[in-house]
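S.K.: Could you work out the structure for the sequence below:
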Amino acid sequence: MNEEQFILLAIKVLSGNHLPEEPEELRSQMAAHEPYRAVFEKLSVYWKADTHLSINEEAALDKVWNRIEQAHGTSDQDAADIDEVATATTGVPLIGTPRILRWKRLLVAAVLIPLVALSIWLFTHRSPKVELVEKYNQKGIRSIIILPDGSKIWLNADSHLKYPASFQDNLREVYLEGEAFFEIAKNPQRPFIVHLPKGNVQVLGTSFDIRAYADEELMSTSVATGLVAFVPDAAGRSANAADGPATRNPAADSFYLTPNRKAIYDFQSGKVNVALTDAEADRGWINGIMTFNNQSLGRIAVELERSFGKPIKFRNASIAQYRYTATFKNNTEEEILSTLKRVKSFHFTVTDKFIEINK
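M.R.: Numbering: from 1, shown residues only. Have a look, this model is predicted:
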C-alpha cells in the first residue's frame, strides 16, 4: 500500500465510512510503516479540530433530522431550520430549492465538506515526498556506503539499506534489515535514527554495529564509541542487565549503551538483555573475521552461506546440532569446514552449486 492509498484508508476510518476490516488494516499498515503513523496522527489532530460541527449546529441538525424521521413531509419551519444549519456549516443558503433536494444537499455537505477541507489541507501541508536510495547486498557481497552527511556504513552480505539522497529536515533517518557497522558524522542538531524491523537505534555521532536479520530471532546493537539509544518495539517491555550498567528510560523503553556494551533483543520473549561485549569482535566481519561462540554447525552453515554465497545442505539433521567455538580470519568456506570437522567428525562435498554435509 502506497502513501496515497494509506491516506485514503485513514480518511475513511476517521470519517466512520469504512468497511469492518479496514480499521485493522489501518493499524497493521502503521505497525509496518512507521512514517504512516506520523501521517495518521496529523490527520487525526486536524479531523478532531476542524471537521466537526459546533455543539449548537449539531443540536440544530439533530432537531431537524428527528422531525424528518417522524414525518413524510417538511414544514416551512423545518425548511427554515435546515437552511439555518446549512448556511452556518457551508456558507450557502438552501431556501428556494425543493425539499428533498435540500435534505440531500445538507447531508452531502455534512459528509463532504470535511473531506474536501481535509484534501485541501493534505495538499497544502504535506511535506514533499523524499525519494529513498536502496542498496541490497546479495549473499557473498559486502560494501561501503557514504551517506550525504559524510557518515560511513559498512553493509554486510544479505543486507538491505534505505536512505534519502539528501537529508532534508532535522532528522537523519535510514532503514536497515540485515547487518551493518555505522560511523556517524557528529551533528547535535540532527539526530541520526536507524529504523529496524522491530525497533530503532538513535545516536548523535558515534560508531556501532547492528545485526537485524529477518530470519533470526535475535536483534543486537553493539557500541564501539559514543552513546547509543536502543529502542525496541512495543514487545520489549522487560530487561535484564549483566556485567555492567546500562541506563534505561522506562517511559520510552530505551536502553542507553556505552562502548563495549551490547543490547540483545529476543523477539520470542520480548526481553532485552544488556551485557559487556568486545565491540571489535562484533564488527570483525568487516575485516573478514568470523567468530563462533558455542554455535551449532547449522547456525554456522547459515553464516557461511551468507558470507560466501554458496548454499550448504545437510543430509543428516543430527550433524547440524554439533557445536563449536572458533575464530577464523580471511579463510575460505572450505578451509573453515575442514578445520571444524577435525573437532567433531563429518564429511562434506563441494559442487558448483552447493556444499553437502554428511556423516
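
S.K.: My reading is that residue 27 is in a helix; is that accurate?
M.R.: Yes - going by DSSP: H, G, I helix; E, B strand; the rest coil, the assignment for residue 27 places it inside a helix.

S.K.: That one: neighbouring residues, count only.
M.R.: Counted with other C-beta atoms under 10 Å, the burial measure for residue 27 works out to 13 neighbours. No exception for glycine: its C-beta is placed from N, CA and C like everyone else's.

S.K.: now swap in residue 204 and tell me
M.R.: Tallying neighbours of residue 204 according to other C-beta under 10 Å, which is how burial is gauged here, yields 18.

S.K.: ok, now which ones touch it?
M.R.: 184, 186, 187, 188, 191, 192, 226, 227 (C-beta atoms under 8 Å, 6 or more residues apart in numbering).

S.K.: from those residues, which has minimum pLDDT?
M.R.: Of all the contacts of residue 204, residue 188 carries the smallest pLDDT score, 83.

S.K.: So which residues of this structure form helices?
M.R.: According to DSSP state H, the chain carries its helices in the segments 3-15, 22-32, 34-50, 55-70, 76-90, 99-125, 279-282, 297-308, 333-343.

S.K.: ok so, going back, so which of the contacts of residue 204 would you say is closest to residue 344?
M.R.: Proximity of the contacts of residue 204 to residue 344, judged by C-beta to C-beta, is greatest for residue 226, which lies at 40.7 Å.

S.K.: lowest-confidence helix or strand of this structure?
M.R.: Counting by mean pLDDT, DSSP states H and E, the weakest-scoring helix or strand in the chain turns out to be strand 238-241, with a mean of 38.

S.K.: pLDDT below threshold where in this protein?
M.R.: Within the chain, the ranges that satisfy pLDDT under 70 run 4, 15, 17, 45-129, 234-252.

S.K.: Can you give the domain ranges for it?
M.R.: As given by automatic domain parsing, the domain ranges for the chain are 3-50, 55-125, 132-282, 288-358.

S.K.: By residue count, which strand of this protein is the longest?
M.R.: Longest strand of the chain, by residue count under DSSP state E: strand 172-183.

S.K.: Just the buried ones from the contacts of residue 204?
M.R.: 184, 187, 191, 192, 226, 227 (16 or more other C-beta atoms under 10 Å).

S.K.: Buried deepest among the domains of the chain, which one?
M.R.: Neighbour counts averaged per stretch over the domains of the chain are highest for domain 132-282, at a mean of 18; criterion: mean count of other C-beta atoms under 10 Å.

S.K.: before we move on, the earlier item: between the contacts of residue 204, which is closest to residue 281?
M.R.: The closest of these, once distances to residue 281 are taken by C-beta to C-beta, is residue 226, at 18.3 Å.

S.K.: Leaving out chain neighbours, which residue sits closest to the closest one?
M.R.: Closest residue in space to residue 226, ignoring its immediate chain neighbours: residue 206 at 2.4 Å, by C-beta to C-beta, 6 or more residues apart in numbering.
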